[in-house]
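Engineer: Sequence and predicted structure are below.
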Amino acid sequence: MSNTYTTVQGDMWDAISYRVYGTSDYADRLMWANRQYLDYFLFPAGVVLILPEIEAPVSTSLPPWKKVVKT
């Protein structure tokens with residue numbers, strides 16, 4: 001994955017997060033890494049944003065074959 005993202009006209013924080021990370025849940029981390037652009041709600045084209053590294057979430061659920069089925 002690239003360490004930067006160049007905006008297109010009309011991009012928004014949550015949409016960028018979804019496009020880059022597959023979820024809008026990381027919009028806050030994206031904003032934190034690019035605080036100088038917090039005044040933007042809709043981006044113009046050509047703004048280069050820094051993409052923070054996101055660690056893959058660790059699943060706490062059991063796989064289906066380990067779950068206890070109550071009858």
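Structural biologist: Cool, the structure landed.
Engineer: Can you pull the phi/psi pair for residue 49?
Structural biologist: With angles defined as degrees, to the nearest 10, residue 49 sits at phi -100, psi 150.
Engineer: do the same with residue 11
Structural biologist: phi -60, psi 150.
Engineer: gap between it and residue 43?
Structural biologist: Distance of residue 11 to residue 43, computed by Cβ to Cβ, to the nearest Å: 4 Å. The C-beta positions use only the backbone N, C-alpha and C, and glycine is treated the same way.
Engineer: low-scoring stretches of this structure, by residue?
Structural biologist: Scanning the chain for pLDDT under 70 picks out 1-2, 56-60, 62, 71.
Engineer: Where is the longest helix in it?
Structural biologist: For the chain, the helix that runs over the most residues, judged by DSSP state H, is helix 13-21.
Engineer: any idea where the strands of the chain begin and end?
Structural biologist: Using DSSP state E, the strands of the chain run over 4-6, 48-50.
Engineer: Buried deepest among those, which one?
Structural biologist: strand 48-50 (a mean of 15; mean count of other Cβ atoms under 10 Å).
Engineer: Which strand residues bridge residue 6?
Structural biologist: residue 48 (DSSP bridges).
Engineer: Can I get stretch 23-32 in CSV, CA atoms only?
Structural biologist: Written as CSV, here are the backbone C-alpha positions of stretch 23-32 (Å, rounded to 0.1, in the frame of the first residue of the first chain):
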residue,chain,number,x,y,z
THR,A,23,-13.8,0.6,6.1
SER,A,24,-14.7,4.1,7.2
ASP,A,25,-13.8,3.2,10.8
TYR,A,26,-10.3,4.6,10.3
ALA,A,27,-11.4,8.1,9.2
ASP,A,28,-10.3,9.5,12.7
ARG,A,29,-6.8,8.1,12.3
LEU,A,30,-6.6,9.5,8.8
MET,A,31,-7.6,12.9,10.1
TRP,A,32,-5.2,12.7,13.0
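Engineer: And the helices in this structure, which stretches?
Structural biologist: Going by DSSP H, the chain shows helices at 13-21, 27-33.
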